[in-house]
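A.B. asks: task: produce atomic coordinates for the following.
(2 chains)
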Amino acid sequence: MVVALALWMVLPAMAQDAPNEAPSEDTPTDDTLPAPEEAPTPDAAPEVVAEPEPELPTTGIVTGVVTDPDGLPFPGITLRVGETDVITDADGRFSLDLPPGSYDVTLKSAGWFAPGDLVASVAAGQRTTVDIPLRLDDADVYELVVYAPEVVGGIDASIDQRKESAAVTEVIGAEQMSKSGDSNATSALARVTGLTIVDGRYVYVRGLGDRYASSLLNLSTLPSPEPERRVVPLDLFPTGLLDSVTVYKTWQPDLPGDFGGGVVSLKTRGIPERPFQQVTITSGYVAQTSFANAAHGYVGPTDFLGFGGSVRALPEPLAQATSGSELVEGDLFNAGFTPEQLEQIGESIDATHWGTGESTLPPDLGIQAAFGRKLELGGPRLGVFGGLTYNNGWSLDQYRENTWDVGAGGALELQNGYDFVELGNQILLGGLMNVGLEFNEQHAIYSTTTLTRSSEATNRTYQGFNGDVGTDIRVNRSQWVERQLLLEQVRGEHTFVPLGHAHVEWRYAFSTALRDAPDQREDRYDLEESTGQWLISDRPEGNGIQYSHLSDLNHDARLDLSLPFGPEGQRSELKAGGAAAFRNRSVDTRRFGYFERSAIDPDDRTLTSDQLFDAEHIGTDGYELRETTRSTDNYTAEQQLQAAYLMTDFDFGSPAPNARGLRNLSVLAGARVEHSLQRVTTFELFNPDATPIVADLDTTDVLPAVTVTQGLLPAPVEPTDDVVQVRAGWARTVSRPDFRELSPAPFSDVTGGREVFGNPELQRALIDHVDARIEWYPRSGELASVGAFYKHFQDPIESVVVPSATLSSTWENATSAENYGIEADVRKTMFGLGVPFLDHVYVAANGSVIHSRVDLQDSGGVQTSDERALQGQSPWVANLQLGYDDSDRRSIATVSFNMAGRRIVEVGAQGAPDTYEEAVPRLDLLLQQGFARGWAVRLRGRNLLDPNIRITQGDQVVREGRAGWSALASLEWRP
Amino acid sequence: MRTQLVIGLVAGLAACSGGGTDPTGTPGVTVQGVECDGDTCVVSGDITQDLTMTADKQWLLRGGVFIGDDTNETVLTVEPGTTVYGENSTAGMLVIRRGSRIEAAGTASEPIVFTSSKAPGSRARGDWGGLILNGRAPINNCTDSAAVCEQFGEGGTGFFGGDDANDTSGTLSYVRVEFAGTLISPDNELNGIGFQAVGRGTTIDHVQVHMNADDGVEFFGGTAEWTHLLITGVGDDMLDWTDGWQGKGQFFVGQQYEGSGDNGIEADNNAENNDLSPRSHPILSNITVIGSPDSASSDFGALLREGTEGELYNVVIAGFNEACLSMSQAATLDRIDAGDLVMKSSLLDCATSFLTDDDNGDVLDTDIQDFFEAQASNVVAAAGLTAPFDVASPDFRPAAGSAAASGGQAPSDAFFQAVSYRGGVDPSDDWTVGWTTADPN
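C.D. replies: Residues are numbered from 1 along each chain as shown, chains lettered A, B, ... in the order given. As a prediction, the model looks like this:
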């Protein structure tokens, strides 16, 4: 990190001495996981060879293969031959039918440059071969050899990555995210086949809950800054810092064994080959917030930068009083504070932080800047990419929320009905620094430092009838939450040519996730119906102040070895590797509240909290501060994991002749052994006599996988022939409980909700996955695929509702569950229909139909449905995108539509039906136009239909409200 | 307020603190989880050996103290005159697990007191946890009728509930529980005594809950029977039942203090699903609940709701701020029509007699009035108790010639003592004095 920061400061100055070459795109480095490596076959200068071709009298054919610096075929790159564009296919080949003449051949794709001057001479009836071996000098980056994109993170590249991958993957690149107008990783993922986004930040793959989705950043595991989840909220990652997001939907032995629905693999932007800089400024109108008046909580002086923790820290007297001990009054048996001391401590909490104000909200603002440099060090080369992003956005949600109980005859009766107003201010701050030292073509070392912070101020008020209290209540909560994720990764790549081109990759990552939620304030007022006055509640929930802190620390190391083997022209490979990880989490929560040491003057109950909890009312004859921290609020947890795998990707070769070198039949097979030890320790902070509750889960599993890919006959002969392939696979993986699910201690989420307690008897679940997919690649940039999958879960971990005075939930291993479905994906360009406008138009659509069933018959609990769909699973998901992309005119227009079927958001209990979120459409629009040199303007419309989002239970509405639409304009400078 | 369950803290959280030191006074016998130093014995964690708390020592409950292991019987005996302190800093609490017993039989002159570890004068509601009895009698909190219904304690105390209506959890006689009701989760406190699936084999008489932060007593299902309960100055409801309580009780007095307290009686069948069975159906006689007429928090003398049944005789309700009698949920009205919700020989004495607590409009004020007026010997009148609103030295006896002094009739059931007065106290014999307290701190 220190090194990276130093370089950050030094390099721009150094880089000014570097040759200033033509503008380029930034390109990613590293980490395209299932890449079958192949022996590099370094090539010489481009060769232009003409051969006789007697059958065609009026035109000639220009064909050739583009290869990357390692000599591997370069798919998806756009060439311009004369005035005609052509894109290489999966095998790096292109072919054009042209009238006789002499044509300049140039590489049109940003990020790469054709070596030297290429000219193709076409003679009637002849085939002209122009092979283009790209050299490192021509590339921004060379690691992406197999999936090397047209535009880095581009759509074609994404398609090709998917085609080449032995696994079933979905790839969404930076270009696609930008065309959809997506601002963070989650919104981009909403467009991927079979994915649903929950709460705007969590990814459900094929309808499986966030338990079954894990995240990798540059192939290192990411810690989660959420105390109740292990999944990483992907809205932490601004797309500006991402090169691509790959979703692995099938498992292979070099992926972590804890795999359910998929792995979301984020790849940060890499090191550019040429000087690069970019600045983007975005601002926009958000229908419900911009220029609106809204009530907000306390605002600190540096909140707008996302740093609001210090002004909300425990006040010094309270911090001292609670350091290592409880804030408690002395008693007959123990020393403690005197009432007078408690008064002083209670008064040290800033009463003004209770206050809410109202202000006019500014429009959203975003700034992104990035730069890249590469320095020649006389042999070795040093590259740097840095990016910074800042976004300040607002949300104002107004919705109605009802809770229902089962009344006479099974009818639902209203228990509570509230109107919510929730103002959110999200500040996203991200920084990325990539440094690469490339010694030569065989050896390189890279460092990636990523720091992202997502800070959110929320002021939530709800008011309405409460069935328990029997009157209207009004609850206000203001909170400030900072989530931060820091990852420092070092990795190296080494190819040993004398050892049969054995390839070694190692990586080590250290990462921390923090969640800091200081000084959360909540108060409740009850309506006194006889007088119409709102009176502060005298119940413990009448007021509360909470400080919560989570830190999660990860060490993650892995080593991957690959050795190509087999005859020339086949891409067989043996891979082996190992991984070790250590993860440690601690959660520390302190809760406080003012209690009536002696009764408060009834007239004072009408005062607002900032007037009530002040020096005048705190004292031995009034309010007294007490600690209300739960005995189970604090825990530590750790996981140790060791794994080793061996796999082979065996290529049975192509029957000759096969002009496209398609892999006719290949088999990927292997296994992984994984040992995991999880330990959760919940301790009573204030009872040193108490033995901590320790829950352990120690498992070792052997996880096999096999995938067969078969090119369908007839084998393609001409480069323009379609490619059709079928793949099918089986794999077995595990799903382990999350830390907290193992601890029997009852928890109240610091984020609110039902009381939950874990189950130390939980076992890991075993999942068998069967996948089959048929894919048709008519030409580069186009695809059509249909896939089917089936998953069987043995002992799946499911949330069950258990009876208690208020319903609680825990987790159990259900008997079994299954999840199966069909996915289809089409992308079609209108290129070549003879209508110039349509040449730039494409249509993309995907959809999935998913069925799932979990059997809870043998589980305890009082959930209404003992057999139901998995919680959070939509039975269908559909995405549609219509785009126009004219790179000559620098115009882009995209309309995106997304919709997912109704899904269970909460499992019903005691005869009450399950609660569903109803399907709603989402429509987004992006318009982009370049002008002058290096400038572009972008207009984004989000959620333009602004539908009424409804959550229903039986025939009743649990929640409804609109999220609001927005229009944002960006100005980008990218010389 | 709907009362929250009280089960307790976490079983495992509580721990044993090494070898014990001769707590029973029997040479050579030590009890795991008990450490004595001088006159003070600290009790913590799981106690699975029989233990006698003697009056010559101060007993301090540190954190959750659990008697028994939910299977084998462990007996906790508390001698008359013993004081047991619930530690304030660790939220001390005493849980009697299923299959085990507490034998706390005090006397009028030597009551057993469970109280705050704080010094008198500094004590307040919620200083410590409270007393919880877990039994094996039936509860209704399950939708699956085939299985024996068990319920998992919110606080992680393990299960309660079963199929033994005659189960016993021991004896509570001349026992006071004071200043308890600590917060167990962010908006959830413990009741003074939680009777959770307690069976009718348990002896409960002459018990006072004083200055508890939440309800005085709450019955979660079960068949517990009792006489002579006194609830004073609690922060929520005085007598609360839910989840299918089918017990009996006679002689109950509850008194609200100004500025705190919700309902006198809060009666539920099951809040999540009003029609679950076995249905709450207690038979109660001679109840006096006194509200705080000028206190905004004082709601209803009796709130019958969530589908409860029950038979209420000789009830006197006076001085509640909102109304004497309230009902809600259509499922509750249905029980009137079925003849399973009964109130007779009762007296209401509030500014407002009937007021619905139903936001759905299923229950109207007139429904409640009809319910009350249609049944025998019910009156709306001045009760004429001697000094019911006096907090320092109350007197709940009906004055001679008052409306409450006559018109009573106990149900024809051998459990009940024959009476001719209404309310919880005999005009000629005040059981609420002598062994009780009215000290607010």
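A.B. asks: what residues does the stretch 551-700 of chain A put near chain B?
C.D. replies: Residues of the stretch 551-700 of chain A that fall close to chain B, judged by CB under 8 Å from any CB of the partner chain: A:591, A:595-597, A:599-600, A:602, A:605, A:628, A:630-632, A:682, A:684, A:686-687, A:689-691, A:693. Glycine gets a C-beta too; all of them are placed from N, C-alpha and C.
A.B. asks: among the residues you listed, name the buried ones.
C.D. replies: Buried members of these, scored by 16 or more other CB atoms under 10 Å in any protein chain shown, are A:591, A:595-597, A:600, A:602, A:605, A:628, A:630-632, A:682, A:684, A:686-687, A:689-691, A:693.
A.B. asks: list the neighbouring strands of the strand or helix carrying residue A:937 plus their orientation.
C.D. replies: Residue A:937 belongs to strand A:935-942 when assigned by DSSP states H and E. Strand A:935-942 pairs in its sheet with strand A:921-931 (antiparallel), strand A:966-973 (antiparallel), by DSSP bridges.
A.B. asks: same question for the longest one, mean pLDDT?
C.D. replies: Throughout strand A:921-931, pLDDT has a mean value of 88.
A.B. asks: give me the residues contacting that strand.
C.D. replies: With contacts defined as CB atoms under 8 Å, 6 or more residues apart in numbering or on different chains, strand A:921-931 is touched by A:178-181, A:190, A:890-899, A:936-945, A:947.
A.B. asks: thinking again about what came up before, residues in contact with the strand holding residue A:937: which ones?
C.D. replies: Under CB under 8 Å, 6+ apart, the answer for strand A:935-942 is A:181, A:282, A:284, A:890, A:924-931, A:965-974.
A.B. asks: ChimeraX command for the buried members of those residues?
C.D. replies: Only the buried entries of the contacts of strand A:935-942 go into this ChimeraX selection, using 16+ other CB under 10 Å:
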select /A:181,282,284,924,925,926,927,928,930,965,966,967,968,970,972,974
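A.B. asks: secondary structure element for the residue of the stretch 301-441 of chain B found nearest chain A?
C.D. replies: Using CB to the nearest CB, the closest approach of the stretch 301-441 of chain B to chain A is made by residue B:331 at 3.7 Å. Residue B:331 belongs to helix B:330-337 when assigned by DSSP H and E.
A.B. asks: what comes up buried for that helix?
C.D. replies: B:330, B:331, B:332, B:333, B:334, B:335, B:336.
A.B. asks: could you list the residues in contact with that helix?
C.D. replies: Everything outside helix B:330-337 that qualifies as a contact, by CB under 8 Å, 6+ apart, is A:407-409, A:411, A:413, B:269, B:274-275, B:279, B:304-309, B:327, B:341, B:360, B:362-363, B:367, B:371.
A.B. asks: one step back: now, which of the buried residues of helix B:330-337 sits nearest residue B:250?
C.D. replies: residue B:335 (21.9 Å; CB to CB).
A.B. asks: flag the shaky bits of the stretch 751-900 of chain A, pLDDT-wise.
C.D. replies: A:751-754, A:779-781, A:803-807, A:858-861 (pLDDT under 70).
A.B. asks: please redo it, this time with the cut-off set to 80
C.D. replies: Along the stretch 751-900 of chain A, the parts satisfying pLDDT under 80 run over A:751-757, A:777-783, A:799-809, A:829-834, A:857-863, A:871-872, A:885-888.
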